[in-house]
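Asks: how would this look folded up:
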Amino acid sequence: MDFLTTIKQSLIALKTNRLRTVFSVIGIVIGVAAVVIILSLGQGLKGLINNQVETFGPNLLDIAIKIPGASQTQSITSMFQGVKTTSMKTKDIEDLKDKNRFPYIEAVNGQAIAQEWASYANEEKQALIYGCNPDFPEVFKVAKIEKGRFFTESENDGLANVAVLGKNLADELFKETDPIGKNIKLKGQNYKIIGVFKPLGGISFGIDMNDFMYVPIETTLKEILGIDYITEMHLVLSDIKYTDQAIAEISRLLRKNHNITDPEKDDFQIFTMAEILNTVNQITTILNILLGFLAAISLLVGGIGIMNIMLASVSERTREIGLRKAIGATTKNILWQFLIESLTITGLGGLVGIAIGILYSLLIGIIIRTQPSLAEWPLSISWLAIFTAFFVATAIGVIFGLYPARKASLKSPIEALRYE
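Replies: Predicted coordinates for the structure are as follows:
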């Protein structure tokens, strides 16, 4: 009996049990589609974050607070537990603006975030307050004014009650009304709206930047938060070639300002865009791997289902096996027949699952892009996920089909013919 005949017998058997075959294929389709969708969306998220980080340019430095003597991971953990580092002040920002000492620094921004109830007319919303310096649009070049203007140094120094709104917040509070010149009440005080940003692409730590109310840093610290320290600084270098020099000289300045003599006790950490990008890539890669494994569980379940169905099929077709062996089919023919049935199920399920996975990945990506902050979401398909999912599905067909196929091939023709 040639191999082509064996293939035909396998297909006839699958066609005879159509409903069983369909449900077996569906199990593989779900698993393969899940892997493709999850990993494609993970790749899209990674691409979105990378694009946003790269828009800031390689000459951006980020200076974050750190628990003295702790590693980066320990420091982040401690901060989530409520430990505060209060040594970074607005004086550090003013010192970094000294052109005589730092001629290569073009712009500096300090950061402090608060949350307060903001109201206008009958509209009220718990707004996120982003305290920042007038240099904010120069540091984050994606921040473009749609209406009005940004606040000035004199307004910052004079603790002016002025604000610039993110696009979402402006739309929620003012609807169709032009917000420029209107007042928002915050902690019992009126804040004059002097500008509105264009939609800011991207989400930071799960927060849409379009939801913020941007207020001068000095006003935020003294009038809203009642503190004298900031949580982060960002600065732009005139050229990336000054990166190493800037890190060394900024570190010396901050150690002097914070009375630090041992670099091991630094209460700050300086990141380059390359380091931030590398960290983001590591996080998203680990996330994709974990999500991929979770999705692959459904493939494993589908494989177990195939093995159960093939074992039931072997039991039901015992007399058929005996008859085929009696008329000349070899052990190898029987083995290949059942193995081909298993591979056909997983192969067909893999192809359909890939098609559905690609379709849904693109569809979900298009839906995501309808959100203003995610308009730059890349419509990407993970070809690695496609090849991996199909390879795993095929491997499952071999692994979970081999035992039932071998069990069928080893049956004695005499005992099989006697089987009732």
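Asks: Thr370 - that's part of a strand, no?
Replies: No. Secondary structure of Thr370, determined by DSSP: H, G, I helix; E, B strand; the rest coil: coil, with no strand assignment.
Asks: Give me the pLDDT value at it.
Replies: You'll see Thr370 listed with a pLDDT of 81.
Asks: Tell me who's in contact with it.
Replies: Going by Cβ atoms under 8 Å, 6 or more residues apart in numbering, Thr370 touches no other residue. Yep, even glycine has a C-beta here, placed from its N, CA and C like the rest.
Asks: one more time with 10 Å, if that's ok
Replies: Trp377 (Cβ atoms under 10 Å, 6 or more residues apart in numbering).
Asks: Tell me which stretches of the stretch 301-420 of the chain form helices.
Replies: 318-326, 331-368, 383-409, 413-418 (DSSP state H, counting those that start in this stretch).
Asks: For the ones you listed, which has the smallest mean pLDDT value?
Replies: Across the helices of the stretch 301-420 of the chain, helix 413-418 has the smallest mean pLDDT, namely a mean of 54.
Asks: Could you work out the end-to-end span of stretch 129-137 for me?
Replies: For stretch 129-137, the first and last residues are 16 Å from each other (Cα to Cα, to the nearest Å).
Asks: May I see the buried residues of that stretch?
Replies: For stretch 129-137, burial by neighbour count (16 or more other Cβ atoms under 10 Å) applies to 129-137.
Asks: Between those, which sits nearest Phe102?
Replies: Distance ranking of those against Phe102, using Cβ to Cβ, places Asp135 first at 13.3 Å.
Asks: Now name the helix or strand holding the residue lying closest to the closest one once chain neighbours are set aside.
Replies: Distances taken as Cβ to Cβ, 6 or more residues apart in numbering place Ala107 nearest to Asp135, at 4.0 Å, with adjacent residues excluded. Assessed by DSSP states H and E, Ala107 sits inside strand 105-120.
Asks: Neighbouring strands - and their directions - for that strand?
Replies: Here strand 105-120 has these sheet partners by DSSP bridges: strand 123-132 (antiparallel), strand 183-186 (antiparallel), strand 232-237 (antiparallel).
Asks: Using CSV, write down the CA coordinates of that strand.
Replies: Extracted in CSV, the C-alpha atoms of strand 105-120 (Å, rounded to 0.1, in the frame of the first residue of the first chain):
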residue,chain,number,x,y,z
ILE,A,105,21.8,72.4,28.0
GLU,A,106,19.0,73.9,25.8
ALA,A,107,16.0,73.4,28.0
VAL,A,108,15.1,72.1,31.5
ASN,A,109,11.8,70.9,32.9
GLY,A,110,10.8,69.9,36.4
GLN,A,111,7.9,67.7,37.3
ALA,A,112,5.4,67.4,40.1
ILE,A,113,2.0,65.6,39.7
ALA,A,114,-1.1,66.2,41.8
GLN,A,115,-4.8,65.3,41.6
GLU,A,116,-7.6,67.7,42.5
TRP,A,117,-11.2,68.4,41.7
ALA,A,118,-11.5,70.9,38.9
SER,A,119,-14.8,72.6,38.0
TYR,A,120,-16.2,74.9,35.4
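Asks: Give the buried residues for it.
Replies: Neighbour counts over strand 105-120 (16+ other Cβ under 10 Å) mark 105-114, 118, 120 as buried.
Asks: circling back: the residue nearest to Asp135 contacts Leu61, doesn't it?
Replies: No. With contact defined as Cβ atoms under 10 Å, Ala107 does not reach Leu61; the gap is 11.0 Å.
Asks: What count of nearby residues applies to Phe151?
Replies: Applying other Cβ atoms under 10 Å, we find 23 residues neighbouring Phe151.
Asks: try Met307
Replies: Counted with other Cβ under 10 Å, Met307 comes out at 18.
Asks: So what touches stretch 237-256?
Replies: Contacts for stretch 237-256 (Cβ under 10 Å, 6+ apart): 57-61, 63, 87-88, 92, 95-96, 98, 101-107, 233, 235, 260-263, 265-274.
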